[in-house]
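Enquirer: My questions concern the predicted model and sequence given below.
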Amino acid sequence: MGQHGNPSGSILLGLDQFEVTAAEVTDDEWRLVVQTTATTVGCAACGTQARLHARRTVRVRDLPIGGRPVVLAWRKRIWRCVEPACGVRTWTERAAAIRPRAVLTERARAEACRRVGKDAHTVAAVARDLGVGWATIMRAVHDHGTPLVDDPTRLEDVTALGLDETSFLKATRRAPTRYVTGLVDLEQGRLLEVVADRTRAAVDRWLHARTHDWLARITTVALDPWRGYASALVVPLGHATVVVDHFHAIKLANAVVDQVRRRTQQATLGHRGRKRDPLYRIRKLLLAAAEQLTSRGRVRLRAGLAVGDPTGEVAVAWQGKELLRAVYAASELAHAQAALGRFYRWADGVGVAELSRLARTVRAWEAEILAWHATGGCSNGPTEAINLLIKNVKRVGHGFRNFANYRLRLLLHCGVRWQTHRTARLRGRSRPNVYCNWTKRELLPERS
C-alpha cells in the first residue's frame, strides 16, 4: 500500500514542518516517508539562498498509529551555499521534532517519559513497545523529566510538611538496609523531595537549601515519633507546630499489645501463636477499635482473654491502648489533657513493662501529641499514601540500585502535575431523574 503527497496523511502525522510523501505497511508496522516543508533556506554564515545538494535517509521511531509501530524515513536535505567567498560549503537540515542522531522523535521521547513517570510503567516495557533499548528510554526520561522535577514552582504554596522514611535497598550480608526520607506537602498530597538516608543531617541539608520565605510559610509539620527528624526541625522550622498524629501514636500502642500477647503466649503455652491458640485467634480483635467491635466480636474477645490470659496483662495492655486512643478522640485540648492523665495513671499503676515503656515515649512526645488538637487534627496520612505509591514504583521496577534514577522516578510519579490533554467523553452521562412531588394533574394544562 502506498501514497504520495497526501495532505491527509500529513495532517494525521501531526509533526510540525513535516509532510508525508509515501506510506506502506510492512511486517505489520507503518513505514512513512517524510520530509520537511522547507523550500527556501539561507546560509547561516552569509545569508545567501542555499541550493539542494543531496538527500540522505534517516530512520527514527515514532508513536504507534492504529496499534501498529511506526518508522519514519526522513529524507533529509543536504543544502549547499553557492557563495564562493563563504566558508560554509554544505550542511544538513535540522528539525526540533527529531534530534540529531536520535532513534526516537521528541514526542515519542516525551510519551516515554510520561509512561514511565506518570503511569509508573517499567522502562523495559516502554523500550519493548517502542523497539529501542533500555538506556534510550531512560535518557528520554532524564531529559524530559529533569526540567519537571527541577521546576522551582513545583515547591510553591507549601504550608504543611510531612516526613517519613521508606526503605531503598534491603539489607545484605555486607550492608544494612538503606533508607530514604520523603518530604510531602500534606495539603496537596504531593511528594516534594526524596533525600538519601533518614538522618537528621539529610533533612537538615534539604531544609537549609530552602529560602527564608519558603520556610516561613510552613506552619505545621507532621512526623512519626523519631527524635532525629524532630531535631532537624529545631533551627529552620522552630516556628512551626510539630505534630505526632493518631496513626503513629496508636501504632506504638498496638505494638505494645502485640508484644504483651506474644510474651504471654510463650509463658503459658511455651510456643509462638498457632491457629487454635486462644490469644492467636483474637490477635486482630485486640488491635481493632473498641467502638468498632460487633457484639460477636466482643464475645470472642472476652472468651479469648478469659482462656488465654490468666495474668490479665494482655487485657491491661489492651485497656492502655484504648486510653491512648481516647486522647485523640477528645473533643478539645482540655479533655485530651485529662485523657492523657488517665493513661499515665493506668500505665504507671498496672506494672506491665511494655506499657510503662510506652508511657515514657508518650511523655517525651506529649507536646507533639497534644498539638494534634491545636492544629485541628493535622495528619501524616498523605505521607503514608505517598509511601504506598513509592512502594508501588519500587515493586514495578523490581527494585532500584541507582538513587538518582530512583529519586527521578518517584518525583515524576508522586510530585509532578502532568499537563496532559484530557480525552472528551464519547457519550455523555444521561441527565439524572429529578424527583418531583407534583401530581400529574398539576403538570397537565387545565382544560377550559
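Expert: Ah, there it is.

Enquirer: what residues go with each domain of this structure?
Expert: Domain assignment for the chain, taken from automatic domain parsing, gives 7-146, 158-243+380-404, 246-374.

Enquirer: so how far is stretch 388-397 off the chain centroid?
Expert: 9 Å (C-alpha atoms, centre = their mean, to the nearest Å).

Enquirer: Show me the contact partners of that stretch.
Expert: Stretch 388-397 is contacted from outside by 120-123, 166, 182, 191, 400, 406, 409-410, 413-414, using C-beta atoms under 8 Å, 6 or more residues apart in numbering. Yep, even glycine has a C-beta here, placed from its N, CA and C like the rest.

Enquirer: switch to 7 Å and redo it
Expert: Residues outside stretch 388-397 that contact it (C-beta atoms under 7 Å, 6 or more residues apart in numbering): 120, 122, 166, 182, 400, 409-410, 413-414.

Enquirer: now, which of the residues you listed lie within strands?
Expert: Among those, the ones falling in strands (DSSP state E) are 166, 182.

Enquirer: re earlier: the domains of the chain: which one's closest to residue 425?
Expert: The closest of those to residue 425 is domain 7-146. By C-beta to C-beta, the value is 20.5 Å.

Enquirer: Residue 413 reaches residue 121, doesn't it?
Expert: No. Between residue 413 and residue 121 there is no contact under C-beta atoms under 7 Å: 10.2 Å.

Enquirer: These two: which is more packed in?
Expert: Counted by other C-beta atoms under 10 Å, residue 413 and residue 121 do not tie: residue 413 has more neighbours, with 21 against 17.

Enquirer: Name the nearest residue to residue 347, sequence neighbours excluded.
Expert: The shortest distance from residue 347 to any non-neighbouring residue, by C-beta to C-beta, 6 or more residues apart in numbering, is to residue 359 (3.7 Å).

Enquirer: so which of the domains of the chain gets nearest residue 427?
Expert: Nearest of the domains of the chain to residue 427, taken as C-beta to C-beta: domain 7-146 at 22.0 Å.

Enquirer: Off-centre distance for the strand or helix carrying residue 328?
Expert: According to DSSP states H and E, residue 328 maps onto helix 313-329. With C-alpha atoms, centre = their mean as the basis, helix 313-329 stands 34 Å off its chain's centre.

Enquirer: In it, which residues are buried?
Expert: Using 16 or more other C-beta atoms under 10 Å as the test for burial, helix 313-329 gives 313-328.

Enquirer: now, which of the residues you listed sits nearest residue 129?
Expert: Using C-beta to C-beta, residue 328 comes nearest to residue 129 of the buried residues of helix 313-329, at 48.4 Å.

Enquirer: Using CSV, lay out the domains of the chain together with distance to residue 424 and mean pLDDT.
Expert: Formatted as CSV, the domains of the chain follow (distance: least, C-beta to C-beta, whole Å; pLDDT from 0 to 100):
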stretch, distance to residue 424, mean pLDDT
domain 7-146, 18, 91
domain 158-243+380-404, 26, 93
domain 246-374, 40, 95
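
Enquirer: other SSEs contacting the helix holding residue 328?
Expert: Applying 3 or more C-beta pairs under 7 Å, 6 or more residues apart in numbering; DSSP states H and E, we find helix 313-329 packed against helix 246-269, helix 333-350, helix 353-364.

Enquirer: With respect to burial, which of the ones you listed scores highest?
Expert: Of all the helices and strands packed on helix 313-329, helix 246-269 has the most neighbours on average by mean count of other C-beta atoms under 10 Å, namely a mean of 18.

Enquirer: Would you mark the buried spots in whichever strand or helix holds residue 296?
Expert: Element membership for residue 296, per DSSP H and E: helix 295-308. By 16+ other C-beta under 10 Å, the buried positions in helix 295-308 come out as 300-301, 304-305, 308.

Enquirer: hang on, the earlier thing: give me the contacts around the helix holding residue 328.
Expert: Helix 313-329 has contacts (C-beta under 7 Å, 6+ apart) with 246, 249-250, 253-254, 256-257, 260-261, 264, 279, 286, 289-290, 305, 309, 336, 339-340, 342-343, 346-347, 350, 352, 354-355, 362, 369, 372.

Enquirer: That helix vs helix 295-308, what angle?
Expert: Between helix 313-329 and helix 295-308, the angle comes out at 140 degrees (axes from the mean of the first three to the mean of the last three C-alpha atoms, to 10 degrees).

Enquirer: centre of the chain versus stretch 50-66, how much separation?
Expert: That offset, for stretch 50-66, works out to 38 Å (C-alpha atoms, centre = their mean).

Enquirer: hey, C-alpha coordinates of that stretch in CSV?
Expert: Extracted in CSV, the C-alpha atoms of stretch 50-66 (Å, rounded to 0.1, in the frame of the first residue of the first chain):
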residue,chain,number,x,y,z
ALA,A,50,21.1,27.8,-0.5
ARG,A,51,20.6,25.1,-3.1
LEU,A,52,19.7,21.5,-2.6
HIS,A,53,22.8,19.4,-2.7
ALA,A,54,21.7,15.9,-1.9
ARG,A,55,19.4,13.8,0.4
ARG,A,56,20.0,11.1,2.9
THR,A,57,17.5,8.9,4.7
VAL,A,58,17.3,8.8,8.5
ARG,A,59,15.0,6.3,10.2
VAL,A,60,13.5,7.0,13.6
ARG,A,61,10.7,5.5,15.7
ASP,A,62,7.5,7.5,16.3
LEU,A,63,4.4,6.9,18.3
PRO,A,64,2.2,4.0,17.2
ILE,A,65,-0.7,4.6,14.8
GLY,A,66,-3.8,2.3,14.9
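
Enquirer: list the buried ones in that stretch?
Expert: The neighbour-count check on stretch 50-66 (16+ other C-beta under 10 Å) flags 50, 60-63 as buried.

Enquirer: can you tell me which of those residues are in strands?
Expert: Among the buried residues of stretch 50-66, DSSP E puts 60-63 in strands.

Enquirer: Can you lay out these as JSON lines showing distance to residue 210?
Expert: Output for these, formatted as JSON lines (distance: C-beta to C-beta, whole Å):
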{"residue": "60", "distance to residue 210": "41"}
{"residue": "61", "distance to residue 210": "41"}
{"residue": "62", "distance to residue 210": "41"}
{"residue": "63", "distance to residue 210": "39"}
